[in-house]
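Asks: Pasting a predicted model and its sequence here:
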Amino acid sequence: MSNLKERYINPLTDFGFKKLFGTELNKVLLIDFLNQILPDRKIMDLTYMSNEKLGRSEIDRKAIFDLYCTGDNGERFIVEMQKARQNFFKDRSVFYASFPIQEQAKRTEWDYKLDPVYSVGILDFIFDDHKHEEALLHVVELKNQRCEVFYEKLKFIYIELPKFKKQEDELETHFDKWLFVFTHLSKLQDRPQKLQERIFSRLFEAAEIAKFSPEEREAYEGSLKYYRDMKNVVDTAKLEGLTEGKEQGLREGKEQGLKEGKKQGLREGKEQGLKEGKEQGLKEGKKNRSLEIARQMKNEGFTADQISRITGLTQDEIGNI
């Protein structure tokens, strides 16, 4: 018996992503989405290819849901949904983009002319070096030292979903609407007024869980469980990182405070010492001068009372001269 309460599937799950974008029946959805982010052309048709050619590792397959297809002009598209941040993510993107490049090699005589390759990443995380940027869509190309495009047939396109904060009444572009679908679809019970285009009619029809076969529902529940488990792991790691960061910050702050306090104390102590030393030196200098005067007066026959009145020295101090 299913425990699902949502009306529509979560497109950030493996099953949801491939159900909406990875079938021949729904490829119009992928075409429409890609046409919103490609900087230089429009796709009219797509053909799905086996992503086994990409050589994904078992670890990658658990965290990355990908599609591999060719456009009507021969372009290769790697479209992937990635849930969690990964070490050397950019290195891995470049590595996997090399597979559709290499497979174009011909065994006969060949002039090395290549079809374009696009690596599209829909990311459920934010790059560390983009944390303070508002831009969520990044198009990366090979450029020379003058920032001119050196090779226009290889592009990496990344979308940082967590940066998308717009609500339904704020949606302006078709691209906005697609991002709203990725981030809100599973939370909706009714189709929003802003998403009434024919393409979204197709999407909502394909995403409705009630229309799934028992096998599809079971597969989706398994995919959803894995998604939630992974999300919990990521959120837990983030929370632990925040806690450790706070503790480390407090510790370093305390150490820094002690260092600065000590430094300030030394500075203030030095200033106070100089001040007191100067005062003490003046007092001692004045007293030494008084003793010198007293000594001369005593040698000239002045009485102790006279010397005391003039120098301010006590009778005992004068007697010790």
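Replies: In hand now; what should we look at? Numbers count the residues shown, from 1 in each chain.
Asks: Just give the nearest non-adjacent residue to Thr47, would you?
Replies: Leaving aside its sequence neighbours, Thr47 sits nearest to Thr70 (CB to CB, 6 or more residues apart in numbering; 5.1 Å). For glycine as for every other residue, the C-beta is placed from the backbone atoms N, C-alpha and C.
Asks: With Gly121 instead?
Replies: Using CB to CB, 6+ apart and skipping the chain neighbours, the partner closest in space to Gly121 is Tyr158 (4.6 Å).
Asks: and what of Phe21?
Replies: Leu30 (4.3 Å).
Asks: Asp45 is in contact with that neighbour, correct?
Replies: No: Leu30 is beyond contact range of Asp45, at 10.8 Å (criterion: CB atoms under 8 Å).
Asks: Have a look at those two and say which one is more surrounded.
Replies: More crowded of Leu30 and Asp45, by other CB atoms under 10 Å: Leu30, with 21 against 12.
Asks: one step back: next helix or strand past the helix or strand containing the residue nearest to Phe21?
Replies: Per DSSP states H and E: Leu30 is located in helix 27-37. Remark: after helix 27-37, the chain's next helix or strand is strand 46-49, criterion DSSP H and E.
Asks: Doesn't Thr70 lie inside a strand?
Replies: Yes: judged by DSSP: H, G, I helix; E, B strand; the rest coil, Thr70 forms part of a strand.
Asks: where in the protein is pLDDT low?
Replies: Within the chain, the stretches with pLDDT under 70 are 1-3, 52-65, 234-235, 237-247, 249-250, 253-254, 257-258, 261.
Asks: residue nearest the centroid of it?
Replies: Asp128 (3.1 Å; CA atoms, centre = their mean).
Asks: Could I get the CA-only coordinates of stretch 205-213 as CSV?
Replies: C-alpha atoms of stretch 205-213 as CSV (Å, rounded to 0.1, in the frame of the first residue of the first chain):
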residue,chain,number,x,y,z
GLU,A,205,0.2,15.1,-17.0
ALA,A,206,3.4,13.0,-17.0
ALA,A,207,4.2,13.9,-13.4
GLU,A,208,0.9,12.9,-11.8
ILE,A,209,1.6,10.0,-9.5
ALA,A,210,-2.0,8.7,-9.6
LYS,A,211,-1.5,7.7,-13.3
PHE,A,212,1.5,5.5,-12.6
SER,A,213,1.3,1.8,-12.9
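Asks: So which bits of that stretch are buried?
Replies: By neighbour count on 16 or more other CB atoms under 10 Å, the buried set for stretch 205-213 is Ala206, Ala207, Ile209, Phe212.
Asks: ditto for stretch 88-104
Replies: By neighbour count on 16+ other CB under 10 Å, the buried set for stretch 88-104 is Phe89, Arg92, Ser93, Tyr96, Ala97, Phe99, Pro100.
Asks: try stretch 5-15
Replies: Within stretch 5-15, judged by 16+ other CB under 10 Å, the buried ones are Arg7, Tyr8, Ile9, Asn10, Pro11, Leu12, Thr13, Asp14, Phe15.
Asks: before we move on, the earlier item: would you pull up how far the helix holding Leu30 lies from the middle of the chain?
Replies: 27 Å (CA atoms, centre = their mean, to the nearest Å).
Asks: Could you list every helix and strand that the helix or strand where Ser290 lies packs against?
Replies: Ser290 belongs to helix 214-299 when assigned by DSSP H and E. If contacts are counted by 3 or more CB pairs under 8 Å, 6 or more residues apart in numbering; DSSP states H and E, helix 214-299 sits against helix 14-21, helix 58-63, helix 304-311, helix 315-319.
Asks: would a markdown table of those with distance to Asp40 be doable?
Replies: Compiled in a markdown table, the helices and strands packed on helix 214-299 are given as follows (distance: least, CB to CB, whole Å):
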| stretch | distance to Asp40 |
| --- | --- |
| helix 14-21 | 21 |
| helix 58-63 | 29 |
| helix 304-311 | 99 |
| helix 315-319 | 100 |
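Asks: top strand in the protein by residue count?
Replies: Using DSSP state E to define each element, the chain has its longest strand at strand 149-160.
Asks: Run through the neighbouring helices and strands of that strand.
Replies: Going by 3+ CB pairs under 8 Å, 6+ apart, strand 149-160 lies up against helix 89-102, strand 117-123, strand 137-143.
Asks: what angle do the first one and strand 137-143 make?
Replies: Put plainly, it is helix 89-102. 60 degrees (axes from the mean of the first three to the mean of the last three CA atoms, to 10 degrees).
Asks: packing partners for helix 89-102?
Replies: Packed next to helix 89-102, using 3+ CB pairs under 8 Å, 6+ apart, are strand 76-82, strand 117-123, strand 149-160.
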